[in-house]
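predicted structure and sequence below. I'll ask about it afterward.
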Amino acid sequence: MFSLGGSAYFITYAKDFIQILILAWVLYKLYVAISSTKITQLVFIMLSYALFFCVCYILQFDFLLYLYKKITLPLLMFFCIIYHPEFRRAFTTLFSGRARLFRIGSQTTVEQIDTILNACENLVQVKRGALIIFPRHTDIKSVIDSGTKLNADLSSSLICTIFDHDTPLHDGALVVQGGKIVAASCYLPLSAQTGINASYGTRHRAALGLAEDSDAVIIIVSEENGAMSLAYNANIYYDLDRETIKRVVLALMSYHDVSPMDVKEEEDETRK
């Protein structure tokens, strides 16, 4: 049998070993979650961190409680820096209720989307690239101001003309809002993400950059392979068919969050 001294010695080291294992597991989970920045992941991290504190407090893990007190403030500052685009999008959505009421009349219609997608398909046929932006809640005035303001009526022929190589406005993005081509040749910030698919060109990186900084929806037409893609909510959905793009854009511009996967699942259910 163990003596009381031996038992206390064993319990002390077992307790230290358990704390090390818990700390290693928490650090690993933090690393996995931070590898791609999403606001839902941040919420999960915060809840896990609070639960971690409760467990340590109940079990009186003094060393981990000491670490918790020391690293909480630096961690909060770190997450504010890493997740600042997500915070901005979340606050924009939270306080955009009034904006929604006054922008219903400028929502994108089926006819407008068809006009744009007709132009995109024509551009694919002649191997031309394109970037077409649909602003939502976030103000992208700086993007519009970086280009040439047009305020022209929306038409497939005008979009194709703008993105023709022989025109001065083909290099940059087009902004469409309220049935109007608001501006062309607009400059977009390139994405700062690492680990982006190597096959993505400058257009895709620019679209992703705007999708990280705002809640805009961007259609991308690849000049190299003709793939049509969507960028929004800091993600790119690559090589989508026309119907999927149409349904996703209409849903997003009507203030309903949806993904191409949701659309495809709905189509599969309809076929059944």
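Arrived safely, thanks for sending. Numbers count the residues shown, from 1 in each chain.

tell me where this protein has strands.
Ranges of strands in the chain, per DSSP state E, are 130-134, 148-153, 173-177, 180-186, 217-221, 228-232, 235-237.

packing partners of the fifth one?
Meaning strand 217-221. With contacts taken as 3 or more C-beta pairs under 8 Å, 6 or more residues apart in numbering; DSSP states H and E, strand 217-221 sits against helix 110-125, strand 130-134, helix 202-213, strand 228-232, helix 242-253. C-beta coordinates here come from the backbone N, C-alpha and C atoms, glycine included.

what angle sits between it and helix 110-125?
If you take axes from the mean of the first three to the mean of the last three C-alpha atoms, to 10 degrees, strand 217-221 sits at 30 degrees to helix 110-125.

what of the first one?
Put simply, strand 130-134 runs at 160 degrees to helix 110-125, going by the same axes, to 10 degrees.

need the helices and strands packed on strand 217-221 in a markdown table with mean neighbour count and distance to residue 194, can you?
Below are the helices and strands packed on strand 217-221 laid out as a markdown table (neighbours: other C-beta atoms under 10 Å; distance: least, C-beta to C-beta, whole Å):
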| stretch | mean neighbour count | distance to residue 194 |
| --- | --- | --- |
| helix 110-125 | 18 | 29 |
| strand 130-134 | 23 | 22 |
| helix 202-213 | 22 | 12 |
| strand 228-232 | 24 | 17 |
| helix 242-253 | 19 | 26 |
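
who wins for proximity to residue 75 among the ones you listed?
Set against residue 75 and scored by C-beta to C-beta, the helices and strands packed on strand 217-221 come closest in helix 202-213, at 22.3 Å.

what is the rounded mean pLDDT of that closest one?
Mean pLDDT, helix 202-213: 89.

what's the local residue count around residue 236?
Per other C-beta atoms under 10 Å, the neighbour tally for residue 236 reads 20.

so which residue is dead centre in this structure?
residue 234 (1.9 Å; C-alpha atoms, centre = their mean).

ok, the closest residue to that one other than its chain neighbours to residue 188 distance?
Distance criterion C-beta to C-beta, 6 or more residues apart in numbering; nearest residue to residue 234, sequence neighbours excluded, is residue 212 at 4.6 Å. Plainly put, residue 212 is 10 Å away from residue 188 if you go by C-beta to C-beta, to the nearest Å.

any stretches of the stretch 51-200 of the chain with poor pLDDT?
82-107 (pLDDT under 70).

where do the helices of it begin and end?
Using DSSP state H, counting those that start in this stretch, the helices of the stretch 51-200 of the chain run over residues 62-82, 84-94, 97-103, 110-125, 141-145, 156-162.

one step back: isn't the residue nearest to residue 234 right up against residue 196?
No. Under the criterion of C-beta atoms under 8 Å, residue 212 makes no contact with residue 196, lying 11.2 Å away.
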